[in-house]
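Undergrad: What shape does this take:
(12 chains)
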There are 12 protein chains.
Amino acid sequence: MSTHVYKSIELTGSSPDGIQPAIENAIARAGQTIHNLRWFEVIETRGHIEAGKIAHWQVTLKAGFRLDE
Amino acid sequence: MSTHVYKSIELTGSSPDGIQPAIENAIARAGQTIHNLRWFEVIETRGHIEAGKIAHWQVTLKAGFRLDE
Amino acid sequence: MSTHVYKSIELTGSSPDGIQPAIENAIARAGQTIHNLRWFEVIETRGHIEAGKIAHWQVTLKAGFRLDE
Amino acid sequence: MSTHVYKSIELTGSSPDGIQPAIENAIARAGQTIHNLRWFEVIETRGHIEAGKIAHWQVTLKAGFRLDE
Amino acid sequence: MSTHVYKSIELTGSSPDGIQPAIENAIARAGQTIHNLRWFEVIETRGHIEAGKIAHWQVTLKAGFRLDE
Amino acid sequence: MSTHVYKSIELTGSSPDGIQPAIENAIARAGQTIHNLRWFEVIETRGHIEAGKIAHWQVTLKAGFRLDE
Amino acid sequence: MSTHVYKSIELTGSSPDGIQPAIENAIARAGQTIHNLRWFEVIETRGHIEAGKIAHWQVTLKAGFRLDE
Amino acid sequence: MSTHVYKSIELTGSSPDGIQPAIENAIARAGQTIHNLRWFEVIETRGHIEAGKIAHWQVTLKAGFRLDE
Amino acid sequence: MSTHVYKSIELTGSSPDGIQPAIENAIARAGQTIHNLRWFEVIETRGHIEAGKIAHWQVTLKAGFRLDE
Amino acid sequence: MSTHVYKSIELTGSSPDGIQPAIENAIARAGQTIHNLRWFEVIETRGHIEAGKIAHWQVTLKAGFRLDE
Amino acid sequence: MSTHVYKSIELTGSSPDGIQPAIENAIARAGQTIHNLRWFEVIETRGHIEAGKIAHWQVTLKAGFRLDE
Amino acid sequence: MSTHVYKSIELTGSSPDGIQPAIENAIARAGQTIHNLRWFEVIETRGHIEAGKIAHWQVTLKAGFRLDE
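TA: Below is the predicted model of the structure:
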């Protein structure tokens, strides 16, 4: 990691299927425009309820990537 | 959302199967008496260990619902 | 306050007009069913944005009231 | 604990005598209307001062109970 | 909200007039370059004092927007 | 700011009119005895309720000032 | 409480006898120079151990008092 | 629980498969040397990203066990 | 304290009698195997309720001790 | 500061030499593409250990800059 | 420490040279008027950036001292 | 990192010379008995003041290491 510099961004992924798919959706979308994604950290796990059931899960995370030199 | 007012309650669901079933159990039980449940947020994820294995998962969440006008 | 016991509930009020009207809406609605409301504390201030403008403000608060003896 | 669901409420007990009596007062009052109280957790310890002395102690706690099936 | 992904950024708006104008200034400026702004959350409220009066208010907030697919 | 040293104090202002008047009251009172007040930060926003209405707002803030050399 | 302004200070009281005496010592000492003490809030409870026993308890608290007009 | 004393340790489990397997790996490894494990609490959920995908999940937890008398 | 190094561990003591006995039980048990215990800090105060009464108090604390050179 | 709007980003700088060089590396790298950097705040200080020594320091900070009008 | 009472104040020291000089400046300035300073704790580390470089470091700390009996 | 399991411990290092030497002392002492130390994170930075000067710095950190398989 020597003298590299990293930037973190905050994303919220959502999915009707659960916590991990919501995280994977966020990482996949971020990867379309950001190379060098290196880690993530879950900040918040929420969900939306419709008719008494969890309609979709919403997970907010920080994702970090290395800035080019 | 105009001028609606919402109330949040704190629930702990449990399940021998994992985090999501514990959350779903809590939402299902709350839905028996509360209409208009709209969202939840995970506050704490714990578990009980027996004989070296996770016997049940316990997830505490806030769940919000709209108060009738 | 001698040996009185108080209960706190968590409410989210909303208003198109601002932070204070959102709080006042929440207190007014709670007062319809709860007597002896005594204090509140702001927990979170959020808002919903539509077409680049704040469409409504959402303020979450704890409100406390004295339980009858 | 299998698939039970628990609810937590927030209470503030007070007492002229100290921290533990304030907690015990809150638990005793809650037990008048709630069965199945199972645990509590102290959230905040405060007090009111009159004429340079602690006139009463105020302890805020979460108390959890099992919802009937 | 299905499988949409959202990004949050952190902004500080300022205004000589108060908390809400400071928030509105931040949202208005962000809206010049970001479409699909959906929500904000207040993180911190500060102010600068000159000659014993509040010269301007500074409110830091997170603002979230939907990423294009 | 070179090598100046600043001190922060914690104040609670109150007002029957709202959040900003409560803050302004606290700053005005502090300015009677403290010169060089430079900034404030809101720590907590509460209020007292009487007869179902907000009787006064109470805002706690840190206020910082430069110590004389 | 109208438009009064309050100041909070942070104190640590200690006692060989326990948590409440440590708090009472801090309040008593503060009352020697400050009139109008109105409330306190416990921030931290610690202790010093000597020879495997608690030699003294140390409780840090915020104490608030009304500023004279 | 009478007068038992418990100790908590902090562990980070990892797994390429997800959050629950990471937790289960940590509990299983701890159980090799510690008897009487009784509960855990999730502290942090992170992950490592390689080539735009989550290569492994890392969950940090506190795990508590009863000390022998 | 020169260049000494200290380690902190997290313990939960319990007692049917109250907060201080729960802390003293934890310190006493830790002292059976650890010399040089120097301080503790209370992290959490909870309790277990049976039949509407507090059956035992549970206090979690960090306890620090000096490592031998 | 009138009605300016500021944006904050989160960066992690690293250095084999210590905390300040890690911060300076992050600020220098950010300054290559961002003008008007105005302040930073340290969020987290970590490090990587190899063969019992600190191989590099990693400091995460928020850095704020003024948005052009 | 027997029954001594301590007071903590919050200071921000600044220095163009780094974190430790900023702390030392704050302690030195406080020592001009306060005797019996005993400890400090770092609360926040910030800095001001000018022309892409750190112009001065600002460290906020709590400093505690024993009150005279 | 595959399925490795890590343990974190909490240490406080001290030094008369500053923050980094205090951290390095803690890591060096821990390395005498623990192999596979991999990272640390600073939790708290404090110091002891004697005669108006910082007599020693005290830095508390979490240090993590891989458990043997």
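Undergrad: Write out the residues of chain A neighbouring chain H.
TA: A:19-20, A:23-24, A:27-28, A:31, A:37-42, A:63 (CB under 8 Å from any CB of the partner chain). Where you see a C-beta, it was placed from the backbone N, CA and C, and this is true even at glycine.
Undergrad: with these in mind, which one is nearest to F:D68?
TA: A:E41 (44.3 Å; CB to CB).
Undergrad: biggest separation within the residues of chain A next to chain H, which pair?
TA: Across those, the two members that end up farthest from each other (CB to CB) are A:I19 and A:R38, 20.9 Å apart.
Undergrad: if we can go back for a sec, out of the residues of chain A next to chain H, which are inside helices?
TA: Of the residues of chain A next to chain H, the ones assigned to helices by DSSP state H are A:19-20, A:23-24, A:27-28, A:31.
Undergrad: Is A:R46 in a helix, a strand, or coil?
TA: For A:R46, the assignment made with DSSP: H, G, I helix; E, B strand; the rest coil gives strand.
Undergrad: hang on, it packs against A:I54?
TA: No: under the criterion of CB atoms under 8 Å, A:R46 makes no contact with A:I54, lying 10.2 Å away.
Undergrad: Show me the contact partners of stretch A:26-33.
TA: Identification of contacts with stretch A:26-33 by CB atoms under 8 Å, 6 or more residues apart in numbering or on different chains yields A:9, A:11-13, A:37, A:40, A:59, A:61, A:63, E:5, E:67, H:49, H:52-54.
Undergrad: so where does A:E10 fall, helix or strand?
TA: With secondary structure defined by DSSP states H and E, A:E10 is part of strand A:5-15.
Undergrad: Please determine whether that strand lies in contact with chain E.
TA: Yes: Strand A:5-15 lies within reach of chain E by CB under 8 Å from any CB, at A:9-15.
Undergrad: Kindly present those as CSV, with separate columns for neighbour count and pLDDT.
TA: Shown next, in CSV, are those (neighbours: other CB atoms under 10 Å in any protein chain shown; pLDDT from 0 to 100):
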residue, neighbour count, pLDDT
A:I9, 18, 98
A:E10, 20, 98
A:L11, 23, 98
A:T12, 25, 98
A:G13, 27, 98
A:S14, 22, 97
A:S15, 22, 97
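Undergrad: Could you identify the most distant pair in those?
TA: It's A:I9 and A:S15 that sit farthest apart of the residues of strand A:5-15 next to chain E, by CB to CB, at 19.2 Å.
Undergrad: count of neighbours near A:V5?
TA: The tally of other residues near A:V5 (other CB atoms under 10 Å in any protein chain shown) stands at 21.
Undergrad: With A:I23 instead?
TA: There are 27 residues near A:I23, going by other CB under 10 Å.
Undergrad: So it sits against A:E44, correct?
TA: No: between A:I23 and A:E44 there is no contact under CB under 8 Å: 11.7 Å.
Undergrad: shared neighbours, the two?
TA: With CB under 8 Å, 6+ apart, A:I23 and A:E44 have common neighbours A:V59.
Undergrad: check whether the strand holding A:E10 contacts chain B.
TA: No: under the criterion of CB under 8 Å from any CB, chain B is not reached by strand A:5-15; the shortest gap measures 11.4 Å.
Undergrad: And that strand, how far out from the chain middle?
TA: Relative to its parent chain, strand A:5-15 has a centroid offset of 5 Å by CA atoms, centre = their mean, to the nearest Å.
Undergrad: Can that strand be said to contact chain C?
TA: No: Strand A:5-15 lies out of reach of chain C by CB under 8 Å from any CB, never closer than 13.7 Å.
Undergrad: Do any residues in that strand lie close to chain L?
TA: No: Strand A:5-15 lies out of reach of chain L by CB under 8 Å from any CB, never closer than 15.0 Å.
Undergrad: Please write out the alpha-carbon positions of that strand in CSV.
TA: What follows is strand A:5-15 as a C-alpha-only set of coordinates in CSV (Å, rounded to 0.1, in the frame of the first residue of the first chain):
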residue,chain,number,x,y,z
VAL,A,5,-4.1,7.3,-1.9
TYR,A,6,-7.6,5.9,-1.7
LYS,A,7,-11.0,7.5,-2.1
SER,A,8,-14.3,6.2,-0.5
ILE,A,9,-17.7,6.9,-1.8
GLU,A,10,-21.1,6.1,-0.2
LEU,A,11,-23.6,4.0,-2.1
THR,A,12,-27.0,2.5,-1.4
GLY,A,13,-27.8,-0.7,-3.2
SER,A,14,-31.3,-2.3,-3.3
SER,A,15,-32.7,-5.7,-4.0
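Undergrad: strand partners of it, parallel vs antiparallel please.
TA: With DSSP bridges as the test, strand A:5-15 is paired with strand A:53-66 (antiparallel), strand E:5-15 (antiparallel), strand J:5-15 (antiparallel).
Undergrad: Run a quick neighbour tally on the closest residue to A:G64 other than its chain neighbours.
TA: Leaving aside its sequence neighbours, A:G64 sits nearest to A:S8 (CB to CB, 6 or more residues apart in numbering or on different chains; 4.5 Å). Around A:S8 there are 20 other residues, counting by other CB under 10 Å.
Undergrad: how about the nearest residue to A:Y6, chain neighbours excluded?
TA: Spatial nearest neighbour of A:Y6, excluding adjacent residues (CB to CB, 6+ apart): J:T12 at 4.1 Å.
Undergrad: Report the beta-bridge partners for that neighbour.
TA: Under the criterion used (DSSP bridges), J:T12 bridges to A:Y6, J:T60.
Undergrad: for A:L37, same thing?
TA: On the basis of DSSP bridges, A:L37 is bridged to A:F65.
Undergrad: and it, what does it touch?
TA: So A:L37 contacts A:27, A:30-31, A:63-65, H:49, H:52 (CB under 8 Å, 6+ apart).
Undergrad: among those residues, which ones are buried?
TA: Buried by 16 or more other CB atoms under 10 Å in any protein chain shown: A:27, A:30-31, A:63-65, H:49, out of the contacts of A:L37.
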